[in-house]
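Novice: Sequence and predicted structure are below.
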Amino acid sequence: MKRKKLLYVGNALSNKGKTATTIETLSLLLRQEGYDVEVTSTISNKSLRILDMMRALLRSRKSIDSVLIDTYSTSNFWYAVIIASLCRTFSIPYIPILHGGNLPHRLKNNAKICKQLFGSAQINVAPSGYLYNAFAKAGFSNLILIPNTIELAEYPFKERLVFKPNLLWVRSFAEIYNPLMAVQVLEKLHQRYPEATLTMVGPDKDGSQVPCEEYARKNSLPVHFTGRLSKEDWTSLAQDHDVFISTTNFDNTPVSVIEAMALGLPVVSTNVGGMPYLIHDTVDGLLSGPENVSAFSEKLSKLLENTDSTKEIVLNARQKVESFDWSVVKEQWHKVLC
């Protein structure tokens, strides 16, 4: 059976030095399954990007079967609103894919707009129980949970005999992800583990990298800033590290954390947004309160000093993310799109 023709709207900006987002990974996987997928947009400037998205929709409106819309909670929320409005004008089915960790805030503060955007959708795809529950609680029934996906075979699992304080942080440098806390956690950890190091991988999105560099330099902390790396490069780099940390203040279910779990890195994260839905504290990772450097550092110390329990956490995490493999997740997408 011939697969449908899709227009996928989102931020495809990895060729502009940005971190690859779902639009770039999922579109490729869907093409492999036989779908005809057009992607928009690759333009950096936000205003021009929205115009490019609108042009793509208007150009393809008579030939596409459905529109996928990556939907975020910050300023990029508005391109989802605009594209969905055009879809309704031309009676084109559309599917918001919910990414923004702060979307529950939008549901409360932009209730009327959200009712139009999400209520008129063919279906809303939530990649986490966190957003699924938030949308269900807000009264939306056109809802399905399809987790973010990876191709597990691309993530070699490394079994570690010991866990050293070699920390890895992978995310765009943005205030909502609280990168400075990672550097402060290293500073605190240094009091107990003078050999501790931190590697921070990701592009600078809003200038948040500068205070991190200044803090590390001022306090003589061994922090290595790599800039943006390809998935292949950072997953290779992960083999030289022993713990993955996430210090975010807002989040959904970041793929980088799923990837770390697949690679065999124990994860310590703040317990915000969708993280408690992804990680069961002390079972397949450790969770700590946001913006609490001391508590986060204690969690790290617990992980480093209890090798047997950490090994069990790592194995549980790897088992959990097996359900995120594309071979499993693609069947859920077929049901939505066919």
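Specialist: Looks like it came in fine. Remember, it's a predicted structure, so these values are computed and weren't measured experimentally.

Novice: what about the stretch 1-150 of the chain, any weak spots by pLDDT?
Specialist: Residue ranges of the stretch 1-150 of the chain with pLDDT under 70: 1-2.

Novice: residues near Ala56, how many?
Specialist: 20 (other CB atoms under 10 Å). Just so you know, the C-beta spots here come from the backbone N, C-alpha and C atoms, and that holds for glycine as well.

Novice: what about it, distance to Ser301?
Specialist: 51 Å (CB to CB, to the nearest Å).

Novice: And the helices in this protein, which stretches?
Specialist: Here the chain has its helices, by DSSP state H, at 22-32, 46-60, 77-89, 103-109, 111-119, 129-137, 179-190, 209-218, 231-237, 255-263, 275-278, 293-305, 307-321, 326-337.

Novice: right, and those helices - which one's nearest Pro156?
Specialist: Among these, helix 255-263 comes nearest to Pro156, with 7.0 Å by CB to CB.

Novice: counting contacts, what elements does the closest one pack onto?
Specialist: Here helix 255-263 is seen to pack against strand 166-170, helix 231-237, strand 243-246, strand 267-270, helix 275-278, helix 307-321 when contacts are counted using 3 or more CB pairs under 8 Å, 6 or more residues apart in numbering; DSSP states H and E.

Novice: Just put these in CSV and tack on mean neighbour count.
Specialist: Output for those, formatted as CSV (neighbours: other CB atoms under 10 Å):
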stretch, mean neighbour count
strand 166-170, 23
helix 231-237, 15
strand 243-246, 26
strand 267-270, 25
helix 275-278, 22
helix 307-321, 17
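
Novice: out of those, which comes closest to Ile23?
Specialist: With CB to CB, the closest approach to Ile23 among the helices and strands packed on helix 255-263 belongs to helix 231-237: 14.8 Å.

Novice: Tell me which residue lies nearest the centroid of the chain.
Specialist: Most central in the chain under CA atoms, centre = their mean is Pro254, positioned 2.5 Å from the mean C-alpha point.

Novice: Confirm for me that Thr247 is in contact with Val183.
Specialist: No - counting by CB atoms under 8 Å, Thr247 stays clear of Val183, with 9.2 Å between them.

Novice: pretty sure Asn166 contacts His241?
Specialist: Yes - counting by CB under 8 Å, His241 is a contact partner of Asn166 at 4.6 Å.

Novice: what is in contact with the two at once?
Specialist: Thr199 (CB atoms under 8 Å, 6 or more residues apart in numbering).

Novice: What is the end-to-end distance of stretch 39-47?
Specialist: End-to-end distance for stretch 39-47, by CA to CA, to the nearest Å: 17 Å.

Novice: And that stretch, what's buried?
Specialist: Across stretch 39-47, burial judged by 16 or more other CB atoms under 10 Å covers 39-41, 43.

Novice: same check, this time on stretch 151-164
Specialist: Buried residues in stretch 151-164 (16+ other CB under 10 Å): 152, 155, 160, 163.

Novice: So what touches stretch 220-233?
Specialist: Residues contacting stretch 220-233 (CB under 8 Å, 6+ apart): 17-20, 154, 183, 186-187, 190, 196-203, 209, 212-213, 215-216, 234, 237, 259.

Novice: For Pro165, give me its contacts.
Specialist: Counted by CB under 8 Å, 6+ apart, Pro165 has contacts 189, 193, 195-197, 242-243, 300, 304.

Novice: repeat that for 7 Å
Specialist: Counting by CB atoms under 7 Å, 6 or more residues apart in numbering, Pro165 touches 189, 193, 195-196, 304.

Novice: Run a quick neighbour tally on the closest residue to it other than its chain neighbours.
Specialist: Once flanking residues are discounted, Pro165 sits nearest to Ala196: 3.7 Å by CB to CB, 6 or more residues apart in numbering. Number of residues near Ala196 (other CB under 10 Å) recorded here: 23.

Novice: Surely Ala196 touches Lys188?
Specialist: No - assessed by CB atoms under 7 Å, Ala196 is found out of contact with Lys188, at 9.5 Å.

Novice: Could you measure from Leu229 over to Leu6?
Specialist: The gap separating Leu229 from Leu6 is 29 Å, by CB to CB.

Novice: Check Glu322 too.
Specialist: Taking CB to CB, one finds Glu322 at 27 Å from Leu6.

Novice: So the two - more neighbours on which side?
Specialist: Per other CB under 10 Å, whichever of Glu322 and Leu6 has more neighbours is Leu6, with 22 against 12.

Novice: on that earlier part again, take the contacts of Pro165 and lay them out in TSV including distance to Pro290 and pLDDT.
Specialist: Below are the contacts of Pro165 laid out as TSV (distance: CB to CB, whole Å; pLDDT from 0 to 100):
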residue	distance to Pro290	pLDDT
Leu189	18	97
Tyr193	23	98
Glu195	27	98
Ala196	21	98
Leu304	21	97
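
Novice: Now the two most distant members of those residues.
Specialist: Across the contacts of Pro165, the longest distance by CB to CB is 11.1 Å; it joins Glu195 and Leu304.

Novice: If you count surrounding residues, which of those two has more?
Specialist: Legend: neighbour count by other CB under 10 Å for Glu195 and Leu304, higher for Leu304 (21 against 10).
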